[in-house]
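**Q** for reference, the sequence and a predicted model appear below.
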Amino acid sequence: SVQSRIISGGSPRAPSSAIIVRDADARAYVAVLSGRSVTLYDLIEPTVIWEQKVDAAIEPLLLSAAAARDGPGGGGGDRLLLLASSSTEAAQQQQHQHQQHKAIILSLDVQTGAASPGKPASRAISSPLGAASAVPGGFAFIDAQGGGGGGTLVVLRPGQPDAELSFSGLGSEPRLQASLKSDAVLLHDATGTKTHLCALSFGSDADAGSDALTLVATLESPYPAKYSFVRGAGASRLRVARAYADADAGTLSTSVYDLAEGPSGASSPSETLAAGAGYAEQGGVYAVYAQFLKKSGKYRALVVSETHALSGVGSVGSAGGGGGVMWTREEALASVVGSEMVSLPLASHLVQAAASTGHFPSFAERLRLQADGLVEALGDLARGTGVVAAAEENLLESDHFGLRKLIVVLSATGKMFGLSTTRGETVWQRRLVCPSSSSSSSSSSSSS
């Protein structure tokens, strides 16, 4: 509903950042940064609570949240934080794409939208901003260092000195993953095969401490992997799930690592949800979402493939399952770009009739065979065996009356499906050698 409201409102740009915040009464809202506006929506009734325009002199970048009690005059609930950049005179004179701007953090009141004066941070940031994410009470981003593939992981929080940790070998486009519910940051290199997990410890004005970043462990995988922080009661704040697929072998591996013990936790997974499980025709992993089940002490995860297939994966015994890939749902069928109706081979009874007579049945003979088939079908229905017969029928051959065909469809994710016209089931599926989800490829496939 919130998305529909944003679209119908004629927003000039797609939302670039969104975050859930709560007021002093613990009522939940979603704040959306779109273009130069921050809008707060009620999550119970999707209505606009307020909309705040950002000053034209600064460029809004990212939203985060902090507990209101941590700020001046705090009274519970959250404060909404907005990371923005302000061009310096020297930056305005530069014409190249990546310019150095000053970071500014604005604080917005959740109930009124009133913004406090932005306090410039000591660090200059690049515009456009690369990999960045919200962390509890602030922001994390990667400050690239030249063109050598190195970079510095930086955490900015109001009232605290910058926390920094430098890395090498990140590649040209590293990724950053963090959560407002976890005191950890995942830094992925450009290939997706190496991930650094960094713990974030928070300082406070009371003890004159400072924020600090610590490298806990580095995880490596043989194929590009995706990670998520494990959710659920009892889960460690440094517990992560990893999933990767071997597209050639058609297998999926999903594991959970408990890194609260430090580097030793990265040597072997604390729980393996799927090891070499069947994953044919799905391609690589696009995302993974994991949950800890408190009652059973087991895990379950949702794995999203690059071809838009959703797979439920679980520990042995979780939710009554036997572990591994428990089910798969093909969402690629929602993005069909081309289809063709294909006739199926003759039904077996017609083939047998042709073999016995030495010639293909005439129109009158086919009509008699269809009539016999109708009588047989009615008899099965009367005896209550029709459902069993339907379950045993061959979906890759025509039925008694020649009505069953095969619909071959091509999806925008690069998968082909063979669908039965009578039962709607997926008879077969194949992932193309060169899948493409771009609009240009989709248009080309559709026109073909």
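**A** Now that the structure is in, tell me what you want to look at. Here the structure is a predicted model, which means the values were calculated and not measured.
**Q** pLDDT at the spatially most central residue of the chain, what is it?
**A** The centroid of the chain falls nearest to A287 when counting by CA atoms, centre = their mean (4.3 Å). Per-residue pLDDT puts A287 at 94.
**Q** ok, now G203?
**A** On the pLDDT scale, G203 is placed at 64.
**Q** what do you get for the one 4 residues further on?
**A** Reading off the per-residue confidence, D207 sits at a pLDDT of 50.
**Q** now swap in G317 and tell me
**A** For G317, the predicted pLDDT is 56.
**Q** distance of the residue lying closest to the residue nearest to the centre of the chain once chain neighbours are set aside from Y41?
**A** Distances taken as CB to CB, 6 or more residues apart in numbering place V304 nearest to A287, at 4.4 Å, with adjacent residues excluded. C-beta here means a position set from N, CA and C on the backbone, and glycine is covered the same way. Distance of V304 to Y41, computed by CB to CB, to the nearest Å: 26 Å.
**Q** what about V342, neighbour count?
**A** 10 (other CB atoms under 10 Å).
**Q** phi, psi for it please.
**A** Taking degrees, to the nearest 10, you get phi -120, psi 130 for the backbone angles of V342.
**Q** right, and it touches R404 too?
**A** No. V342 is not in contact with R404 according to CB atoms under 8 Å; the separation is 10.9 Å.
**Q** between these two, what contacts are shared?
**A** Common neighbours of V342 and R404 (criterion: CB atoms under 8 Å, 6 or more residues apart in numbering): none identified.
**Q** hmm, back to that, tell me which element the residue nearest to A287 is part of?
**A** strand 298-305 (DSSP states H and E).
**Q** with A364 instead?
**A** helix 363-383.
**Q** rounded mean pLDDT for that helix, please.
**A** Per-residue scores along helix 363-383 average to 68.
**Q** let me see the ranges of the strands in the stretch 51-200 of the chain.
**A** Remark: strands assigned in the stretch 51-200 of the chain by DSSP state E, counting those that start in this stretch are 58-67, 78-87, 99-109, 119-127, 132-135, 138-145, 150-156, 163-167, 175-178, 184-188, 194-201.
**Q** dump the ones you listed to TSV, plus distance to G418 and mean neighbour count.
**A** Below are these laid out as TSV (distance: least, CB to CB, whole Å; neighbours: other CB atoms under 10 Å):
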stretch	distance to G418	mean neighbour count
strand 58-67	45	21
strand 78-87	49	23
strand 99-109	53	20
strand 119-127	49	16
strand 132-135	41	20
strand 138-145	45	22
strand 150-156	47	22
strand 163-167	47	18
strand 175-178	36	20
strand 184-188	37	23
strand 194-201	38	20
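**Q** list the beta-bridge partners for the residue lying closest to Q282 once chain neighbours are set aside.
**A** With sequence-adjacent residues excluded and distances taken as CB to CB, 6+ apart, Q282 is closest to S305, at 4.1 Å. Counting by DSSP bridges, S305 forms beta bridges with V285.
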